[in-house]
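Chemist: Give me the fold of what follows.
(one chain, ligands or ions: 1)
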Amino acid sequence: MNKIINEMINCPNGHGEMQITRVEKKLKFRGVDITFQTEHYLCSVCGIEVGSIEQASVTQRVISDAYRKAVGLLTSEEIRGGRKKLGLTQADLAQHMCVGIASLKRWEGGIIQTKSMDRALRNVLQGQVFSDVYTGNRSFSIPRVKLVLREFELSLQRKILQDDKGLFSAKYLWYADMVAFRELGESMTGSTYARLPLGPQLNNYRDLIDAIKEADESDAEPLTSEEKKIISKISMVFPKDKMVFDVSHREVIVQKKAIGNIIPYLDAAELTGL
Ligand SMILES: [Zn+2]
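Modeler: Below you'll find the model as predicted:
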């Protein structure tokens, strides 16, 4: 828990500056026993305890979060953290849930959401409703990932599936998906990408890389001529691995994300490399 109280106050009984004390409190809230940490001022002379307004509002959220944790609802931190991980503003998330932004501000501020609103929040934050932004309006298809990479190999006239960690092939794939979303309204593979230390990468690529290598691309929906054109253009702009690696890494839509965060397809409008 972060420090709540920043200012010092004097004892109302005239004993000078009071001490900030961290305390564990237990209480029954909505019929549930909860324990939480808080801070208050304590006079070491007369023992009087005083709260502050600043502390009171934080304590309200702490109590609310302890309660939410106890009954299995998302906490303020989980809602805010989940939203930020998806790169969404409060207004974005509210819009996708069809609720007012005021509701979202209240839930993140400590007001407890109903069970049905909690389900709606989880649906969005866990990507069940938000799949368009995650996957670019297409269902994720491993055979299609393989097919797109094979098309890149034809176009680049060299192998890119062999690089063991998918380091460079992922960058080609990322541009193909993002540019297809921007120009055709849907991605090529439905892949979800995150910003990793070395630039954009398939989310959970470690779990996917073997499946991609083993996939049969003939199971995939064939590429359209527009899709092939995009792949060919990317190959011409970035004939070498190092080029696609460097340029993708420098994209603003990548740099603005924290490591580990999802890069939403809607950001494709701000690509500068292609
Ligand atoms: Zn005192």
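Chemist: how about the strands in the stretch 1-150 of the chain?
Modeler: Using DSSP state E, counting those that start in this stretch, the strands of the stretch 1-150 of the chain run over residues 19-29, 32-42, 49-50.
Chemist: Pull up the pairing partners for the second one, direction included.
Modeler: What it means is strand 32-42. strand 19-29 (antiparallel), strand 49-50 (antiparallel) (DSSP bridges).
Chemist: Residues of this structure that sit close to the ion?
Modeler: By CB under 5 Å from the ion, the residues of the chain that approach the ion are C11, N13, H15, C43, V45, C46. Placement of C-beta: from N, CA and C, glycine included.
Chemist: Report the spatially nearest residue to the closest residue to the ion within the stretch 101-250 of the chain, omitting neighbours in sequence.
Modeler: Here the stretch 101-250 of the chain gets closest to the ion at one residue, G110, 31.0 Å apart by CB to the ion. Excluding the flanking residues, the one nearest G110 by CB to CB, 6 or more residues apart in numbering is R61, at 3.4 Å.
Chemist: What separation do you get for the one you found and P264?
Modeler: Applying CB to CB, to the nearest Å, the value for R61 to P264 is 28 Å.
Chemist: between these two, which one's more packed in?
Modeler: P264 (21 against 17; other CB atoms under 10 Å).
Chemist: Next, the contact list for L223, please.
Modeler: Contacts for L223 (CB atoms under 8 Å, 6 or more residues apart in numbering) come out as L147, V148, E151, M188, I231.
Chemist: Burial check on the last one, number of neighbours?
Modeler: This means I231. When neighbours are counted by other CB under 10 Å, I231 comes out with 25.
Chemist: so who does the nearest residue to it once chain neighbours are set aside touch?
Modeler: Leaving out its chain neighbours, the residue that sits closest to I231 by CB to CB, 6+ apart is E151, at 4.9 Å. Applying CB under 8 Å, 6+ apart, one finds that E151 lies in contact with L223, K228, I231.
Chemist: buried ones in the host helix or strand of the last one?
Modeler: Yep, that's I231 we're talking about. Using DSSP states H and E, the secondary-structure element containing I231 is helix 225-237. Neighbour counts over helix 225-237 (16 or more other CB atoms under 10 Å) mark E227, I230, I231, K233, I234, S235 as buried.
Chemist: need the residues you listed in TSV with pLDDT, can you?
Modeler: Below are these laid out as TSV (pLDDT from 0 to 100):
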residue	pLDDT
E227	97
I230	98
I231	98
K233	97
I234	98
S235	97
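Chemist: ok, now which ones touch the residue of the stretch 101-250 of the chain closest to the ion?
Modeler: Neighbours of G110 in contact, by CB under 8 Å, 6+ apart: S57, Q60, R61, I63, S64, D65, S76.
Chemist: now do R119
Modeler: For R119, counting by CB under 8 Å, 6+ apart, there are no contacting residues.
Chemist: before we move on, what about V32?
Modeler: With CB under 8 Å, 6+ apart, V32 has these contacts: Y67, A70, V71.
Chemist: Filter these down to the buried ones.
Modeler: Y67.
Chemist: if we can go back for a sec, quick check: the farthest pair among the residues of the chain next to the ion?
Modeler: N13 and V45 (7.7 Å; CB to CB).
Chemist: ok, back up a step: surely the residue nearest to I231 is in a strand?
Modeler: No - counting by DSSP: H, G, I helix; E, B strand; the rest coil, E151 is located in no strand; its state is helix.
Chemist: What pLDDT does the model give it?
Modeler: Here, the pLDDT recorded for E151 equals 97.
Chemist: repeat for the one 10 residues further on
Modeler: Among the per-residue scores, L161 holds a pLDDT of 84.
Chemist: Would you confirm that it belongs to a strand?
Modeler: No - using three-state DSSP, the assignment for L161 is coil, not a strand.
Chemist: can you pull the contacts of the nearest residue to it once chain neighbours are set aside?
Modeler: Leaving aside its sequence neighbours, L161 sits nearest to L149 (CB to CB, 6+ apart; 5.4 Å). L149 makes contacts with I160, L161, S169, Y172, L173, I212, as judged by CB under 8 Å, 6+ apart.
Chemist: Then V247?
Modeler: F238, G273.
Chemist: Please, which helix or strand holds it?
Modeler: helix 241-250.
Chemist: tell me which residues of that helix are tucked away?
Modeler: D241, V244, F245, V247, S248, H249.
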